[in-house]
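> What would the 3D arrangement of this be:
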Amino acid sequence: MTKLKVEKLCVSYGAINAVRDVDFQVEEGEIVALIGANGAGKTSILRTISGLEKAKSGSIIFEGKEIVRQKAHITAANGIAHVPEGRRIFTTLSVLDNLMLAAHQRKDAKAVKEDLENVYNVFPRLKERHAQPGGTLSGGEQQMLAVGRALMTTSPLVLLDEPSMGLAPLVVEEIFAVIRRINEQGRTVLLVEQNAQMALSTANRAYVLETGMVTKSGDAKELLKDPSIREAYLGC
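Residues are numbered from 1 along each chain as shown. As a prediction, this is how the structure comes out:
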């Protein structure tokens with residue numbers, strides 16, 4: 001089943017066309033990556049899907065329903081969790097409070113408790129630091145917390161924006177292992193990532209963006225072998 005379908009999407013900031021006639025889709029159970037240089041339009045696409053930006057034109061269909069004009073809080077409530085670039089955690093709240101805030105609209109206390117335990121199983125360091133203010137965590141731990149918040153929702157689709165940004169290589173490996181794990185647990189993932197090596201090694205399929213347009217797409221492992229992709233994004 002197609003979980004998300006984007007057609008002819010255009011996003012503008014004044015006279016600047018950030019996204020131009022972008023088409024792509026994400027099937028249920030997939031990890032799909034959007035890769036490209038800074039300014040290619042990747043973050044704008046995620047923000048438009050989640051309702052944080054307005055589309056100039058085009059269509060966004062989630063689970064068979066048009067959502068292109070939908071407000072962000074409705075999109076979140078209806079099943080799309082967005083882990084934004086820069087983490088955006090609540091720095092003065094404890095780790096536990098950050099996690100529980102993501103579940104504040106849920107009524108099923110037993111399921112919330114089970115999901116909290118799952119987050120702690122995925123990220124044992126968050127359990128160790130459950131009482132610490134979010135702002136005292138390392139960059140990698142803050143990224144874990146940002147992903148953990150998404151797992152505290154019931155959202156079947158998770159948007160991840162630059163999860164490796166600013167992290168040490170070993171932490172990046174850990175974060176991408178978690179992305180694979182949450183996908184195996186049943187979440188569909190749309191991943192925006194500048195680290196093309198990690199993104200293409202992790203995803204099922206990928207789309208390459210340049211100046212707001214999709215220029216290539218296909219099986220992620222095949223794109224990883226593409227000489228033009230390797231030269232442009234992998235430095236080899």
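> ok, the residue nearest the centre of the chain to Ser138 distance?
Taking Cα atoms, centre = their mean as the criterion, Leu160 is the residue nearest the geometric centre of the chain, at 1.3 Å. Per Cβ to Cβ, to the nearest Å, Leu160 is found 19 Å from Ser138. Where you see a C-beta, it was placed from the backbone N, CA and C, and this is true even at glycine.
> And for Leu116?
Leu116 is 21 Å from Ser138, where distance means Cβ to Cβ.
> what do you get for Asn195?
In terms of Cβ to Cβ, Asn195 sits 19 Å off from Ser138.
> who has more neighbours, the two?
Asn195 (21 against 13; other Cβ atoms under 10 Å).
> before we move on, the earlier item: beta partners of the residue nearest to the centre of the chain?
Val83, Leu191 (DSSP bridges).
> confidence score at it?
You'll see Leu160 listed with a pLDDT of 95.
> My read is that it contacts Leu191, right?
Yes. Between Leu160 and Leu191 there is a contact under Cβ atoms under 8 Å: 4.8 Å.
> between those two, what contacts are shared?
The contact sets of Leu160 and Leu191 overlap at Ile179 (Cβ atoms under 8 Å, 6 or more residues apart in numbering).
> Was I right to think Lys8 contacts Ile60?
No. In this structure Lys8 lies outside contact range of Ile60 using Cβ under 8 Å: 10.3 Å.
> Which one's more surrounded, these two?
When Lys8 and Ile60 are compared for neighbours, Ile60 comes out ahead with 23 against 12, by other Cβ under 10 Å.
> nearest spatial neighbour of the more buried one, skipping sequence neighbours?
Once flanking residues are discounted, Ile60 sits nearest to Val68: 4.4 Å by Cβ to Cβ, 6 or more residues apart in numbering.
> got the contact list for that neighbour?
Val68 neighbours (Cβ under 8 Å, 6+ apart): Leu9, Thr48, Ala55, Gly58, Ser59, Ile60.
> got a list of what the fourth one touches?
Right, Gly58. So Gly58 contacts Val6, Glu7, Lys8, Leu9, Cys10, Asp21, Val22, Val68 (Cβ under 8 Å, 6+ apart).
> out of these, who's nearest Gln143?
Among the contacts of Gly58, Val6 lies closest to Gln143 (Cβ to Cβ), at 25.4 Å.
> Hmm, Ser164 and Met198 touching each other?
Yes. With contact defined as Cβ under 8 Å, Met198 reaches Ser164; the gap is 6.2 Å.
> Mutual contacts of those two, please.
Common contact partners of Met198 and Ser164 (Cβ under 8 Å, 6+ apart): Val172, Phe176.
> what residue ranges in this structure score low on pLDDT?
For the chain, the stretches with pLDDT under 70 are 235-236.
> Going along the chain, name the strands of it.
Secondary structure of the chain, counting by DSSP state E: strands at 2-13, 16-27, 31-35, 57-62, 65-66, 80-83, 157-161, 188-192, 205-210, 213-219.
> In TSV: those, plus distance to Lys107.
Output for the strands of the chain, formatted as TSV (distance: least, Cβ to Cβ, whole Å):
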stretch	distance to Lys107
strand 2-13	25
strand 16-27	29
strand 31-35	30
strand 57-62	23
strand 65-66	23
strand 80-83	18
strand 157-161	21
strand 188-192	24
strand 205-210	36
strand 213-219	40
